[in-house]
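Chemist: Generate a structure from the sequence data that follows.
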Amino acid sequence: MFKLSAEGLGKRFHRQWVFKNLDLELNEGERLLITGSNGSGKSTLMRILAGQLNPTKGTVRLTDDNQDLDPEIWYRYISWSGPYMDLYPDFTLAETIRLHFRFRDALLPRTDIIPGLNLEKHADKPLRNYSSGMLHRVKVGLAIFSQSKVLLLDEATTNMDAENSGLVIDWVKKYRENRILIYAGNKPEEFVHFERRLEM
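Modeler: All right, here's what the predicted structure looks like:
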């Protein structure tokens, strides 16, 4: 059984605590929605859980069959996306996908990824020419379509219209099985797919 857990977790910037004394335990297949106002610490928590930011206090653990995994190899088990992530702006979408999936296994045939993103007409366009909504769709799609034990999605439908927001929610439904899914967001239509909720 794969598990993600946090104990006594806290993060402080300068003298201001964003959050503290947070405990969390999620087993394989469980889903958690994190909500809260802007500045409440949702993105900070997501970055800590992804291993991209150190907590001020407390610990995060990934365990597989009760064996702790070294944080240096967490990237093999976690896929994540957030508005603050960057892509290579001079790469086309096709080049971005080839590079990304050199290091990760895909959950669907690679030839289906660009159609799945609904970006066939833009496959050979440099990402610097994409709108913010299109770029965010690429980030979210790469995370969801990557094989992983843990899927972290921060504000996954930011800058998206209703059609593409619905597309992302459909991806989450289809590819969430047997993964720990943690989703940070505040849109009511996104809440229905989550059994557990954490208010920051």
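Chemist: what's the helix or strand hosting M46 packed up against?
Modeler: Following DSSP states H and E, one finds M46 within helix 42-49. Packing partners of helix 42-49 (3 or more CB pairs under 8 Å, 6 or more residues apart in numbering; DSSP states H and E): strand 2-13, strand 16-27, strand 31-35, strand 150-154, strand 180-184. C-betas here are computed from N, CA, C, even on glycine.
Chemist: Strand 180-184 and that helix, what's the angle between them?
Modeler: Helix 42-49 runs at 150 degrees relative to strand 180-184, counting by axes from the mean of the first three to the mean of the last three CA atoms, to 10 degrees.
Chemist: circling back to that earlier point, including distance to R104, mean neighbour count and mean pLDDT, could the helices and strands packed on helix 42-49 go into CSV?
Modeler: Formatted as CSV, the helices and strands packed on helix 42-49 follow (distance: least, CB to CB, whole Å; neighbours: other CB atoms under 10 Å; pLDDT from 0 to 100):
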stretch, distance to R104, mean neighbour count, mean pLDDT
strand 2-13, 17, 17, 95
strand 16-27, 21, 14, 94
strand 31-35, 21, 20, 93
strand 150-154, 12, 24, 95
strand 180-184, 17, 24, 94
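Chemist: Identify the residues contacting stretch 88-103?
Modeler: Stretch 88-103 is contacted by residues 87, 110, 113-114, 117, 119, 122-128, 138, 142, 146 when judged by CB atoms under 8 Å, 6 or more residues apart in numbering.
Chemist: From those residues, list the buried ones, please.
Modeler: L87, I113, I114, L117, L119, H122, A123, L127, V138, L142, S146 (16 or more other CB atoms under 10 Å).
Chemist: Do I have it right that the second one meets G141?
Modeler: I take that to be I113. Yes: with contact defined as CB atoms under 8 Å, I113 counts as touching G141 (7.1 Å).
Chemist: Contacts for stretch 62-81, please.
Modeler: 1-5, 46, 50-51, 61, 104, 136, 139-140, 142-144, 146-154, 156.
Chemist: go again using 7 Å as the cut-off
Modeler: 1-4, 50-51, 61, 139-140, 143, 146, 148-154, 156 (CB atoms under 7 Å, 6 or more residues apart in numbering).
Chemist: Just the CA coordinates for the lowest-mean-pLDDT helix or strand in the chain, please, in CSV.
Modeler: Ranked by mean pLDDT, DSSP states H and E, the helix or strand of the chain with the weakest confidence is helix 162-175, at a mean of 88. Coordinates of each C-alpha in helix 162-175 appear next as CSV, following Å, rounded to 0.1, in the frame of the first residue of the first chain:
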residue,chain,number,x,y,z
ALA,A,162,-16.2,26.3,-19.2
GLU,A,163,-15.5,23.8,-22.0
ASN,A,164,-11.9,23.3,-21.1
SER,A,165,-12.6,23.3,-17.4
GLY,A,166,-15.0,20.4,-18.1
LEU,A,167,-12.3,18.7,-20.1
VAL,A,168,-9.9,18.8,-17.1
ILE,A,169,-12.6,17.5,-14.8
ASP,A,170,-13.2,14.6,-17.2
TRP,A,171,-9.5,13.8,-17.2
VAL,A,172,-9.4,13.7,-13.4
LYS,A,173,-12.4,11.3,-13.4
LYS,A,174,-10.8,9.0,-16.0
TYR,A,175,-7.2,8.9,-14.6
